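K.L.:
Attaching a predicted model along with its sequence, questions to come.
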Amino acid sequence: MVKAIEINNLKYSYDEQPLFNDFNLNIEAGQWVALVGHNGSGKSTLAKLILGLLVADEGQIIVFDEQLSIESVHRVRAKIGMVFQNPDNQFVGATVADDVAFGLENTKVDSSDMPQKIDAALTVVGMQDFKDREPHTLSGGQKQRVALASVLALQPKIIILDEATAMLDPDGRMTVMETLQQLKQQFGQNLTLITITHDMDEATLADRVVVINDGRKILDGTPAKVFSQRRVLHDNGLELPFANELAYQLDKKPEDYMDERELIQWLSTLNK
Amino acid sequence: MAINFEQVNFSYGAGTTLAQPILHDINVTIPDGQVTAIVGQTGSGKSTLIQHLNGLLKPTSGRIIIDDFILTNGIKEKQLTGLRARVGMVFQFPENQLFANTVLDDVMYAPINFGYSKREAQIAAKEALKRVHVSEKLWHKSPFELSGGQMRRVAMAGTLASNPDIVVLDEPAAGLDPKGQNELLNIVRDLKSAGKLVVLISHQMDHVIAVADHMIVMNNGRVAAEGTPTEIFNRDLSWFKEVALDLPKAGQFAEKLRQKGRSLSRRPLLLTELAKMLNGDDQHE
Ligand SMILES: Nc1ncnc2c1ncn2[C@@H]1O[C@H](COP(=O)(O)OP(=O)(O)O)[C@@H](O)[C@H]1O
Ligand SMILES: Nc1ncnc2c1ncn2[C@@H]1O[C@H](COP(=O)(O)OP(=O)(O)O)[C@@H](O)[C@H]1O
Ligand SMILES: [Mg+2]
Ligand SMILES: [Mg+2]
């Protein structure tokens, strides 16, 4: 197994109080990890540490075999794309295409190759028809997909989305989540995804769910494993996905974990 | 102290060649002492609508009656001071509103602005911070050192501290963790019990069904429907597609079950209600 990210004995504090104290996490290449935890639990800080925007006090962060250091930070950053929460704060270009171009201009991409790369990235997120639009005329979900395209154009091996759907309406959320699922299908092992979210229904789409609280790892495993821990989730300010909470409240419950689709199937064949 | 919109139209850049009509023919009542949810797709005009409640925006035509105050296009800025003290707003991206050196100073700003003494403002600010569950550890931090969800709570405390009669919350749950969202719903319930009129913009229909008495559905700058959540959420499925609105999760789940051939006697709106129906507890209804 190729490791995309390896975090060993990480220590970090903003002030006197330690936030991460001996934190460990390994993420395999191609995995989709949902990182969840209450507000202030350290999710964004962890993302910034991985990107080298913050420097660990102690411990190692290794991204595809390269240990993060002052010397390696630019090479490491080039492997990672990041999409943030507020769709309005991440645009630099006057048009959608310009915006995607902006990131590419800082790389060694031949300018004659750029239009084709821009098209390709916008096509992946289903925004190719909006190339010439001004970003402010787009809906929130469309803006986030453009932000994702700008990141994709740089061909990162890892994409981190920090609450990228939190500001979106249901339609916007759905299109972003569908885009991510499609990306996973298309890139498979070549793309590692970390989605930071408070929406447990979104977290069920990941291969693995990691729950953190105040810099400590509380739960780590498949959605089936993590979402069987109702009490622990509640104690950490979180909830079960809708389907699992419903199953929990049924007199006659399925024996094993089921996602929404499976539960609907199960219920529809039961005493019809 | 109900709020009435009468024949309200609004354009950004009204009177210029770039005028963009946004709100059309708005006639709605926001009842006193209740929680009114305003819902609708991004861009449907929700934020534009509520910015009329404290005169931040003025109707291009028509008028808005807020208790004994009549807001029209001609109103002067200085006539709005009293209204602003009575209508507290938490904007959609409240982190953009924060500015002071410490969390506590930030929350004290509005009460001081509305004439509280420094001491009174501090007491009010501390109460408000406790109310929205901002830990005391954070009170002397810079607001910019907080996580997104923490900033949101601080911004809300800033609005509540001056004890406005009308509280307007524009997508306050965005970015809050599940516990924080439940706490927010409790704050809304508390405000209502304290006799306040609350306006809540939300994309989460589960929040709407949990706290709202009244509901306004916006679509393309018009009011597509007005009524109680139960009335509105029992409309035909096709209507929800038309106005790009979701059902609460329990309703969505029930519709998916129905498509798979398992029909329920009615459309549940809460998870507990759906569970009961599936458990067969309400077959004699
Ligand atoms: N720039 C900063 N300076 C000091 N403390 C900070 C700063 N940024 C975040 N924090 C604190 O670190 C903790 C974790 O924050 P963050 O990583 O943003 O949490 P999350 O993303 O999980 O909501 C919070 O308690 C927050 O107040
Ligand atoms: N300051 C502004 N100038 C011009 N148009 C605006 C401005 N603010 C919002 N709009 C436009 O008004 C419409 C309604 O926006 P808004 O009230 O923010 O909707 P919502 O809150 O429902 O998402 C949108 O088409 C938006 O682009
Ligand atoms: Mg964060
Ligand atoms: Mg809005």
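P.N.:
Nice, thanks for sending it over. Numbering: from 1, shown residues only, chains lettered A, B, ... in the order given. Ligands and ions are numbered 1, 2, ... in the order given.
K.L.:
Surely B:L176 is in contact with B:L185?
P.N.:
No. At 10.3 Å, B:L176 and B:L185 do not qualify as touching, with contact defined as Cβ atoms under 8 Å. In this view, the C-beta of every residue, glycine as well, is placed from N, C-alpha and C.
K.L.:
Have a look at those two and say which one is more surrounded.
P.N.:
More neighbours surround B:L176 than the other of B:L176 and B:L185, with 23 against 19 (other Cβ atoms under 10 Å in any protein chain shown).
K.L.:
Now do the helices in chain B.
P.N.:
B:46-50, B:81-86, B:103-113, B:118-131, B:148-160, B:178-193, B:205-211, B:229-233, B:237-242, B:249-259, B:271-279 (DSSP state H).
K.L.:
Which one, of these, ends up nearest to A:K143?
P.N.:
helix B:46-50 (15.9 Å; Cβ to Cβ).
K.L.:
Is the closest one in proximity to chain A?
P.N.:
No. Using Cβ under 8 Å from any Cβ of the partner chain, helix B:46-50 never reaches chain A; the gap is at least 10.1 Å.
K.L.:
before we move on, what about stretch B:256-269?
P.N.:
Yes. Under the criterion of Cβ under 8 Å from any Cβ, chain A is reached by stretch B:256-269 at B:K256, B:L257, B:K260, B:G261, B:R262.
K.L.:
hmm, back to that, could I get the helices of chain B as a markdown table with distance to ligand 1?
P.N.:
Below are the helices of chain B laid out as a markdown table (distance: least, Cβ to the nearest ligand atom, whole Å):
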| stretch | distance to ligand 1 |
| --- | --- |
| helix B:46-50 | 24 |
| helix B:81-86 | 30 |
| helix B:103-113 | 10 |
| helix B:118-131 | 14 |
| helix B:148-160 | 6 |
| helix B:178-193 | 10 |
| helix B:205-211 | 20 |
| helix B:229-233 | 31 |
| helix B:237-242 | 33 |
| helix B:249-259 | 24 |
| helix B:271-279 | 26 |
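K.L.:
So for ligand 2, which of those sits nearest?
P.N.:
helix B:46-50 (3.2 Å; Cβ to the nearest ligand atom).
K.L.:
Need the CA coordinates for that closest one. PDB is fine.
P.N.:
C-alpha atoms of helix B:46-50 as PDB (Å, rounded to 0.1, in the frame of the first residue of the first chain):
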ATOM      1  CA  LYS B  46     -34.000  35.900   0.800                       C
ATOM      2  CA  SER B  47     -31.100  38.000   2.000                       C
ATOM      3  CA  THR B  48     -32.300  41.000   0.000                       C
ATOM      4  CA  LEU B  49     -35.700  40.600   1.500                       C
ATOM      5  CA  ILE B  50     -34.600  40.600   5.100                       C
END
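K.L.:
hmm, back to that, and the helices of chain B as TSV, adding mean pLDDT?
P.N.:
Shown next, in TSV, are the helices of chain B (pLDDT from 0 to 100):
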stretch	mean pLDDT
helix B:46-50	95
helix B:81-86	91
helix B:103-113	93
helix B:118-131	95
helix B:148-160	88
helix B:178-193	93
helix B:205-211	97
helix B:229-233	98
helix B:237-242	95
helix B:249-259	96
helix B:271-279	96
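K.L.:
now, of these, which is deepest in the fold?
P.N.:
helix B:148-160 (a mean of 25; mean count of other Cβ atoms under 10 Å in any protein chain shown).
K.L.:
which secondary structure elements does that one contact?
P.N.:
strand B:87-90, helix B:103-113, helix B:118-131, strand B:166-170, helix B:178-193 (3 or more Cβ pairs under 8 Å, 6 or more residues apart in numbering or on different chains; DSSP states H and E).
K.L.:
what's the helix or strand for the residue nearest to A:Q128 when sequence neighbours are not counted?
P.N.:
For A:Q128, ignoring the flanking residues on the chain, the nearest one in space by Cβ to Cβ, 6 or more residues apart in numbering or on different chains is A:L122 at 4.5 Å. Element membership for A:L122, per DSSP states H and E: helix A:114-124.
K.L.:
beta partners for the most centrally placed residue in chain B?
P.N.:
Closest residue to the average C-alpha location of chain B: B:L200 at 1.6 Å, with Cα atoms, centre = their mean. For B:L200, the beta-bridge partners are B:A37, B:L169 (DSSP bridges).
K.L.:
need the contact list for it.
P.N.:
Applying Cβ atoms under 8 Å, 6 or more residues apart in numbering or on different chains to B:L200 gives the contacts B:V35, B:T36, B:A37, B:I38, B:L169, B:P172, B:V188, B:H207, B:V208, B:V211, B:A212.
K.L.:
Adding distance to A:Q265, write the residues you listed out as a markdown table.
P.N.:
Formatted as a markdown table, the contacts of B:L200 follow (distance: Cβ to Cβ, whole Å):
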| residue | distance to A:Q265 |
| --- | --- |
| B:V35 | 37 |
| B:T36 | 39 |
| B:A37 | 33 |
| B:I38 | 36 |
| B:L169 | 38 |
| B:P172 | 36 |
| B:V188 | 36 |
| B:H207 | 28 |
| B:V208 | 29 |
| B:V211 | 33 |
| B:A212 | 33 |
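K.L.:
name the helices or strands packed onto whichever helix or strand comes after the helix holding A:L122?
P.N.:
As assigned by DSSP H and E, the chain's next helix or strand after helix A:114-124 is helix A:140-152. Secondary-structure packing of helix A:140-152 (3+ Cβ pairs under 8 Å, 6+ apart): strand A:80-83, helix A:96-105, helix A:114-124, strand A:158-162, helix A:170-187.
K.L.:
6 Å instead, please
P.N.:
strand A:80-83, helix A:96-105, helix A:114-124, helix A:170-187 (3 or more Cβ pairs under 6 Å, 6 or more residues apart in numbering or on different chains; DSSP states H and E).
K.L.:
okay, the angle between that helix and helix A:114-124?
P.N.:
130 degrees (axes from the mean of the first three to the mean of the last three Cα atoms, to 10 degrees).
K.L.:
looking at the helices of chain B, which is closest to A:T175?
P.N.:
Closest among the helices of chain B, once you apply Cβ to Cβ, is helix B:237-242, at 15.6 Å.
K.L.:
and the residue nearest to the spatial centre of chain A, bridged to which residues?
P.N.:
With distances taken as Cα atoms, centre = their mean, A:T195 lies nearest the centre of chain A, 1.8 Å away. Counting by DSSP bridges, A:T195 is bridged to A:A34, A:L161.
K.L.:
hmm, back to that, want to throw the helices of chain B into TSV with distance to ligand 4?
P.N.:
Formatted as TSV, the helices of chain B follow (distance: least, Cβ to the ion, whole Å):
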stretch	distance to ligand 4
helix B:46-50	3
helix B:81-86	20
helix B:103-113	21
helix B:118-131	24
helix B:148-160	15
helix B:178-193	17
helix B:205-211	15
helix B:229-233	20
helix B:237-242	20
helix B:249-259	22
helix B:271-279	27
